[in-house]
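S.K.: mind looking at a prediction? Sequence and model below.
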Amino acid sequence: MDFDLSSAQRDRCDRVRAAVTEQFGTRTVTTDPALVREAWQAAAGIGLTGLCVPVEHGGGGLGALDTALSLEAFGRACPDTGFAFGIAAHLLSCAVPVAEFGSGKTAAELLAGMAQGDVIAGNAMTEDEAGSDVGRIRTTAVRSGDDYIIDGEKSFVSNAPIAEVFVTYAVTDPAAGFLGVSAFAVPRDAGGVVVGPPLAKMGLHGCLAARVRFDRCVVPERFRLGAEGSGGMVFQRSMAWERSCLFAIYLGLSERQLRECVHHATTRRQFGRKLAGFQAVSHRIARMRQRLESARLLLYRACWLVDQDREHVGAIAMAKTAVSEAVLANSLDAVQLFGASGYLLGPGIEQQLRDCVPATIFSGTTEIQLELIAREAGL
Amino acid sequence: MLVESRDSVVKELTRYIQDELLSGDRSAELTTETPLLRWGILNSIDTARLVGFIRERFGVRIPPADIVEKNFRDIGCIADLVASLSGSEATNDR
């Protein structure tokens, strides 16, 4: 086993980190859609909006591990975690299924636009009555000649306010249970697509999200992803990439946070010595380092398994659980270490905590991940 | 080549679904035509477990593209799928 990155990987990470630092290093979080769109263009210039999109469509053609490494560099250098999250979600829950299951000119055009950051994508799966239990979705897609008519409402679509296309899931055969769902890439201008106002969230403010209603929305067959009824499989595939790669952003955030904590502990003095001279402080930071490193290795291994095309459900679930729990615990530790300044808006420590809270919820809650791990263990 | 007969595959699948997915409820009337998907007996996680069982027990690997309604509608359809995949494989992963 070789635990080192190759020199090509190290070079790519360094390049991404330098470019992101230059473009976004001092970025303050903005929710102005026009400014967010501008930032997406800058990110596209660095290649971030098309990391794993096939090269023939203008993307980077990277595998899961290399995509994760670039996202880690992105998260490390960009303090607007929400912005990075929005791009990762566009890439992993939308570009991946379009690339793997879309076909023909339609998919090719979408992918080219997505790689360029011109076509921003939002993943529309969750509904009010269907969170963890995606089998309960009620959005329908009824066949009508060569088209489908989609009706239903999705309750939490990241990127929705600025998205040009929605990867969504609807029931095409109610008698087929979870195998009666189909996936679609619905253009915003299809008619009948109603995007709600931006949702007010605790954090990840740089990622705008909204409800999306499909109101007798007519979608030609060529926008369907995969065969009818294989929506479940399409979704699982997108989740394999999202659960393994997206969380690399949080690895980057945590590395940055940890170094800030070390700097703080080695410069601030109380009671005649550096904070780091108190074992209560140094051991807290040591524990943060241990959590981060173990989560990092699980994530890299999960990505490697995806690239090897090997069984990976349990490994990905463990990685996602480890990273999300580690970054949340570390963020609480960071607030404690920084004391009053950890609680104030401005220094940014409290923002990191708010940005980490949803990590154990989205892309499949910790409860669902543990269920997957247990089942794989034969329980 | 699948060593077991179709009847034997049906019996094993029925037993697995009763024990693992219906919590051992043997009173549940499970026939080859019970609509597993429509009745929600198979959901995505349980189907993944069933696919794993089929791989372990029969050495048959079901490709994701075959996980569709017509192959998992009922035990009869699943048994037919297992038979057709084992017939076309030169060697099985055991």
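M.R.: That came through, no problem.

S.K.: quick one: contacts for the residue of chain A found nearest chain B?
M.R.: Using Cβ to the nearest Cβ, A:G177 is the residue of chain A that sits closest to chain B, at 3.5 Å. C-beta: built from backbone N, CA, C; applies to glycine. The neighbours of A:G177, taking Cβ atoms under 8 Å, 6 or more residues apart in numbering or on different chains as the test, are A:135, B:36-40, B:42-43.

S.K.: now swap in B:D74 and tell me
M.R.: Contacts of B:D74 by Cβ under 8 Å, 6+ apart are B:31-36.

S.K.: can you do 10 Å?
M.R.: The contact partners of B:D74, by Cβ atoms under 10 Å, 6 or more residues apart in numbering or on different chains, come to B:30-39, B:41-42, B:80.

S.K.: again with A:V281
M.R.: Contacts of A:V281 by Cβ under 10 Å, 6+ apart are A:261, A:264-265, A:268, A:270, A:274-275, A:336-337.

S.K.: which of those has the most neighbours?
M.R.: Using other Cβ atoms under 10 Å in any protein chain shown as the neighbour criterion, A:C261 leads the contacts of A:V281 with 25 neighbours.

S.K.: near chain B, which residues of the stretch 51-200 of chain A are found?
M.R.: A:133-135, A:172-181 (Cβ under 10 Å from any Cβ of the partner chain).

S.K.: mind running it again at 6 Å?
M.R.: By the rule Cβ under 6 Å from any Cβ of the partner chain, the part of the stretch 51-200 of chain A lying against chain B is A:135, A:175-179.

S.K.: anything in stretch B:45-64 near chain A?
M.R.: Yes. Stretch B:45-64 lies within reach of chain A by Cβ under 6 Å from any Cβ, at B:49, B:64.

S.K.: nearest to A:L297, of the contacts of A:G177?
M.R.: Nearest to A:L297 out of those is B:N43 (Cβ to Cβ; 31.7 Å).

S.K.: was I right about the closest one contacting A:F178?
M.R.: Yes. Here B:N43 reaches A:F178: they are 5.4 Å apart, a contact under Cβ atoms under 6 Å.

S.K.: and those two? Which one has more around it.
M.R.: Set B:N43 next to A:F178 and count neighbours by other Cβ under 10 Å: A:F178 wins out with 27 against 18.

S.K.: with adjacent residues omitted, what lies nearest to that one?
M.R.: A:G135 (4.6 Å; Cβ to Cβ, 6 or more residues apart in numbering or on different chains).

S.K.: that neighbour in helix, strand or coil?
M.R.: Assigned with DSSP: H, G, I helix; E, B strand; the rest coil, A:G135 falls in the helix class.

S.K.: that one: neighbouring residues, count only.
M.R.: Residues lying near A:G135 (other Cβ under 10 Å) number 17.

S.K.: close enough to count as contact, it and A:G180?
M.R.: No. Here A:G135 does not reach A:G180: they are 9.7 Å apart, not a contact under Cβ under 6 Å.

S.K.: the contacts of B:D74 in strands, which ones?
M.R.: Within the contacts of B:D74, no residue falls in strands by DSSP state E.

S.K.: ok, so of those, who is nearest chain A?
M.R.: B:L37 (3.5 Å).

S.K.: show me what contacts that closest one?
M.R.: A:176-177, A:179 (Cβ atoms under 6 Å, 6 or more residues apart in numbering or on different chains).

S.K.: next: B:T32.
M.R.: By Cβ under 6 Å, 6+ apart, the residues touching B:T32 are B:10, B:75-76.

S.K.: what about the helices in chain B?
M.R.: Assigned by DSSP state H, chain B shows helices spanning B:6-16, B:44-58, B:69-72, B:75-88.

S.K.: and of these, who's closest to B:S23?
M.R.: helix B:44-58 (11.7 Å).

S.K.: packing partners of that closest one?
M.R.: For helix B:44-58, there is no helix or strand it packs on, judged by 3 or more Cβ pairs under 6 Å, 6 or more residues apart in numbering or on different chains; DSSP states H and E.

S.K.: doesn't A:F214 fall inside a helix?
M.R.: No. Applying three-state DSSP, one finds A:F214 to be strand, outside a helix.

S.K.: any idea what it is bridged to?
M.R.: A:F214 forms beta bridges with A:G152, A:V193, as assigned by DSSP bridges.

S.K.: looking at it, it is touching A:G152, isn't it?
M.R.: Yes. Counting by Cβ under 6 Å, A:G152 is a contact partner of A:F214 at 5.4 Å.

S.K.: quick one, which of those two is more surrounded?
M.R.: Per other Cβ under 10 Å, whichever of A:F214 and A:G152 has more neighbours is A:F214, with 26 against 20.

S.K.: ok, the more buried one - contacts?
M.R.: Per Cβ under 6 Å, 6+ apart, neighbours of A:F214: A:150-152.

S.K.: now do the contacts for residue 77.
M.R.: If you meant another chain, say so; for now it's chain A. A:17, A:20-21, A:25.

S.K.: chain B was what I was after
M.R.: Going by Cβ under 6 Å, 6+ apart, B:C77 touches B:N71.

S.K.: which pLDDT does the model give it?
M.R.: Per-residue pLDDT puts B:C77 at 97.

S.K.: can I see the domain layout of chain A?
M.R.: With automatic domain parsing as the criterion, the domains of chain A are listed as A:7-120, A:122-229, A:247-376.

S.K.: using a markdown table, lay out those domains together with mean pLDDT and distance to B:L50.
M.R.: Below are the domains of chain A laid out as a markdown table (pLDDT from 0 to 100; distance: least, Cβ to Cβ, whole Å):
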| stretch | mean pLDDT | distance to B:L50 |
| --- | --- | --- |
| domain A:7-120 | 97 | 23 |
| domain A:122-229 | 97 | 13 |
| domain A:247-376 | 97 | 11 |
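
S.K.: how about a markdown table for those, with distance to B:S23 added?
M.R.: Output for the domains of chain A, formatted as a markdown table (distance: least, Cβ to Cβ, whole Å):
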| stretch | distance to B:S23 |
| --- | --- |
| domain A:7-120 | 34 |
| domain A:122-229 | 19 |
| domain A:247-376 | 14 |
